[in-house]
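Trainee: With the sequence up front, the predicted model follows.
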Amino acid sequence: MTPGIRPLIAGNWKMNGNARSAHELAEALRAAGPSLDASLLVCPPFLHVSLVASALLGTSVAVGGQDCHAKVSGAHTGDISAPMLRDAGATHVILGHSERRADHGETSAQVMEKAEAALAAGLTPVICVGETEAQRVAGEHEAVVGAQLEQSIPLGFITSGGIVAYEPVWAIGTGRTPTEDDIAAMHDFMRRELVNSWGPTASVTRLLYGGSVKPSNATAILALSNVDGALVGGASLVAADFLAIARAVPQE
Ligand SMILES: O=C[C@H](O)COP(=O)(O)O
């Protein structure tokens, strides 16, 4: 963790659940928020953002979307804009997740446009970066992540409290994680890159790690240098596991 940064444990529910399970999960998190040393964020599917935001109203648990369109409105069938997310009760939005980059061919330039739209709507973007396994094996991970940071982060992101999540593609949903040394090295690298590009304000930008975070490995990962929280997929669908990860945040 980074001194002075309150850790964030974010749950990306991806395309899972239904209205009932989303409500039950939100209810299970309601009571726990105040007792934690970490901030909590949950990102349900679009369809459930509104109901989850209502269920968590008045709590310290924030709600986010999993993507947004770069435009405010218009003829974009199937898409959701940043102001719509805000209107539904969201305060955050995940952008550039590798599943969006792979499934929808999203580029870093598009992620930057979406991040600009999110900021304009008053949402905090959580921009995801990360290398594939082939890129890691080829020793290209820093070059790949450095380029994604450079090409995805817009002006105003750092000063508005934008969040970066490092998610090695090969660690997502696989049960595999990089070594603790490799996670720390990448987070140190990202911190250096951001401070070099954006100045000292970036020394307090939250850097999350994502990819097979579970209660059993959270303590070790969350204690690492420049790891300021986690972006959790599968384990965020089980309230007890998500809260166990939040309780693994080291005390300052
Ligand atoms: O956004 C979350 C990540 O893709 C991590 O997913 P996972 O915890 O299921 O590996």
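Mentor: Structure's in. What do you need? Residues are numbered from 1 along each chain as shown.
Trainee: now the strands: where do they sit in the stretch 51-200 of the chain?
Mentor: 61-65, 92-95, 124-129, 163-166 (DSSP state E, counting those that start in this stretch).
Trainee: Rebuild those strands as JSON lines, extending it with mean neighbour count and mean pLDDT.
Mentor: The C-beta positions use only the backbone N, C-alpha and C, and glycine is treated the same way. Output for the strands of the stretch 51-200 of the chain, formatted as JSON lines (neighbours: other C-beta atoms under 10 Å; pLDDT from 0 to 100):
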{"stretch": "strand 61-65", "mean neighbour count": "25", "mean pLDDT": "97"}
{"stretch": "strand 92-95", "mean neighbour count": "26", "mean pLDDT": "98"}
{"stretch": "strand 124-129", "mean neighbour count": "26", "mean pLDDT": "98"}
{"stretch": "strand 163-166", "mean neighbour count": "26", "mean pLDDT": "98"}
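Trainee: what does this structure put close to the ligand?
Mentor: When proximity is defined by C-beta under 6 Å from any ligand atom, the chain lies next to the ligand at 12, 97, 167, 172-173, 210-213, 231-235.
Trainee: which among those residues end up buried?
Mentor: Among the residues of the chain next to the ligand, the ones that count as buried by 16 or more other C-beta atoms under 10 Å are 12, 97, 167, 172, 210-213, 231-235.
Trainee: From the residues you listed, which land in strands?
Mentor: Asn12, Gly210, Leu231, Val232 (DSSP state E).
Trainee: wait, doesn't the first one sit right on Pro45?
Mentor: Put plainly, it is Asn12. No: assessed by C-beta atoms under 8 Å, Asn12 is found out of contact with Pro45, at 10.2 Å.
Trainee: Show me what residue of the stretch 101-250 of the chain gets nearest to the ligand.
Mentor: Gly233 (2.2 Å; C-beta to the nearest ligand atom).
Trainee: Which positions in stretch 79-99 come out as buried?
Mentor: 80-86, 88-90, 92-99.
Trainee: so of those, which ones are in helices?
Mentor: The helices in this structure, assigned by DSSP state H, contain Ala82, Pro83, Met84, Leu85, Arg86, Ser98, Glu99 from the buried residues of stretch 79-99.
Trainee: check contacts around the last one.
Mentor: The neighbours of Glu99, taking C-beta atoms under 8 Å, 6 or more residues apart in numbering as the test, are Lys14, Ile172.
Trainee: Show me what the residue of the stretch 1-150 of the chain found nearest the ligand is bridged to.
Mentor: Of all residues in the stretch 1-150 of the chain, Asn12 sits closest to the ligand, at 3.5 Å by C-beta to the nearest ligand atom. Here Asn12 sits in beta bridges with Cys43, going by DSSP bridges.
Trainee: My read is that Thr205 contacts Thr159, right?
Mentor: No: Thr205 lies out of contact with Thr159 (C-beta under 8 Å); the separation is 9.7 Å.
Trainee: I appreciate the help and will end here.
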